[in-house]
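Chemist: Sequence first, then the predicted structure:
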Amino acid sequence: MRKDQNLGEYLRTQGVSRRGFLKFCSATASLMALPPSAVAQVAEALAAARRPSVIWLSFQECTGCTESLTRSHSPTVESLIFDAISLDYHHTLQAAAGHGAEAAREAAQEENKGKYILVVDGSIPLDNPAYSTIAGISNLDMLKASAKDCFAIVSVGTCAAFGGLPGANPNPTGAVAVSDIITDKPIINVSGCPPIPVVITGVLAHFLTFGTIPELDDLGRPAAFFGQNIHDRCYRRPFYERGQFAETFDDEGAKAGWCLYKLGCKGPITYNACATTKWNSGTSFPIESGHPCLGCSEPGFWDKGGFYEPLSTGRFDSGAKLAGAAVAGVALGAVAAASGRRRQAKYTKEG
């Protein structure tokens, strides 16, 4: 995409039809919890948008967040939206290396003061700068220098948003989240291990459309994607209500698609869009594939007990009320299931 092109012109050169573009805008408006009347506004704003400068910093991370975003099976409007930004610095994707790479970052910051978007994945070590450096610059110093003149920061992945795996007990590097260091810039936390690709592009689309950050929840996450917990949108919820739970991964309940609560599912205390947007081009999500939710989009998920330990054990400090509600739900579900069996037995006998 040329710098003098707007996004609409670029998409046309890539063979994206007006109908396809409007379909994407409708989906984007829906994902951002906007009314149908906003579709025209989204389409107009996106079509006229110029490519923004993006600087992507990778600190203590596994590259899973980048892999999540770039693993696309076929070209989509979402990927073209991402391609349309000016990705001026990214350790994994850039061709430049060494002094040339750092010069590109510094030049992008100077040329786009107050306008560029800073994307960060990975936590920042505080105990010793030597734990993670880039071009001899500590993660802490590079973050502060790059955040100074940015418009906003997108913390991609749970490591950047909440400290993630590097920050898990005993946290040997003193890893912290971006928001623990930068307090004078808008920060959008797109948590997940890794985060859902469409959530990242949705945040970017919001920037391109409105020039502002989206509405956030109390943890700084886009409310449109993190406003409901997975449990409330899970297709296995009816089994939960009836007290039908898989006891092992290969029992008859598991084969029948029963609730995975007793196998450690953290859906009741996890807020994310997995159940609706899904993964791999909308193919599935962990629970649909037979595995309980790990709660990876929540703070401290690695330290919340074993992955296969039910919430009812009481070891989960975060979301304790929800965990209590989940326990109550299990009990009510069991009562309902027993009542249903008694009714069925009665009808069978009377029949």
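Modeler: It's in.

Chemist: Is it correct that residue 207 falls within a helix?
Modeler: Yes - under DSSP: H, G, I helix; E, B strand; the rest coil, residue 207 falls within a helix.

Chemist: now it: how far from residue 234?
Modeler: 30 Å (C-beta to C-beta, to the nearest Å). For every residue, glycine as well, the C-beta is placed using N, CA and C.

Chemist: Then residue 296?
Modeler: From residue 296 over to residue 234 (counting by C-beta to C-beta), the distance is 16 Å.

Chemist: Residue 6 now?
Modeler: According to C-beta to C-beta, residue 6 and residue 234 sit 40 Å apart.

Chemist: Give me the more crowded residue out of those two.
Modeler: Set residue 6 next to residue 234 and count neighbours by other C-beta atoms under 10 Å: residue 234 wins out with 22 against 16.

Chemist: which stretches of the protein have low pLDDT?
Modeler: For the chain, the stretches flagged by pLDDT under 70 are 1-4, 31, 71-84, 314-351.

Chemist: Domain map for it?
Modeler: Domain ranges of the chain: 7-226, 230-350, per automatic domain parsing.

Chemist: how long is the first one from one end to the other?
Modeler: The reference is to domain 7-226. 28 Å (C-alpha to C-alpha, to the nearest Å).

Chemist: now do stretch 29-40
Modeler: 10 Å.

Chemist: Looking only at that stretch, what residues are buried by neighbour count?
Modeler: Of all the residues in stretch 29-40, those buried under the rule 16 or more other C-beta atoms under 10 Å are 29, 31, 32, 34, 38, 39.

Chemist: same thing with stretch 212-231?
Modeler: For stretch 212-231, using 16+ other C-beta under 10 Å, the buried residues are 213, 214, 216, 220, 221, 222, 224, 225, 226, 229, 230, 231.

Chemist: I'd assumed residue 161 was in contact with the fourth one.
Modeler: Yep, that's residue 220 we're talking about. Yes - at 7.4 Å, residue 220 counts as touching residue 161 under the criterion of C-beta atoms under 8 Å.

Chemist: Next, show the common contact partners of the two.
Modeler: 155, 179, 189 (C-beta atoms under 8 Å, 6 or more residues apart in numbering).

Chemist: now the first one, what's its secondary structure?
Modeler: Same thing as residue 155. Under three-state DSSP, residue 155 falls in the strand class.

Chemist: Wait, it touches residue 192, no?
Modeler: No - using C-beta under 8 Å, residue 155 is not in contact with residue 192, being 11.0 Å away.

Chemist: what residues do those two have in common as contacts?
Modeler: Contact criterion C-beta under 8 Å, 6+ apart; no residue bridges residue 155 and residue 192 by contacting each.

Chemist: quick one: residue 100 is in a strand?
Modeler: No - counting by three-state DSSP, residue 100 is not part of a strand but helix.
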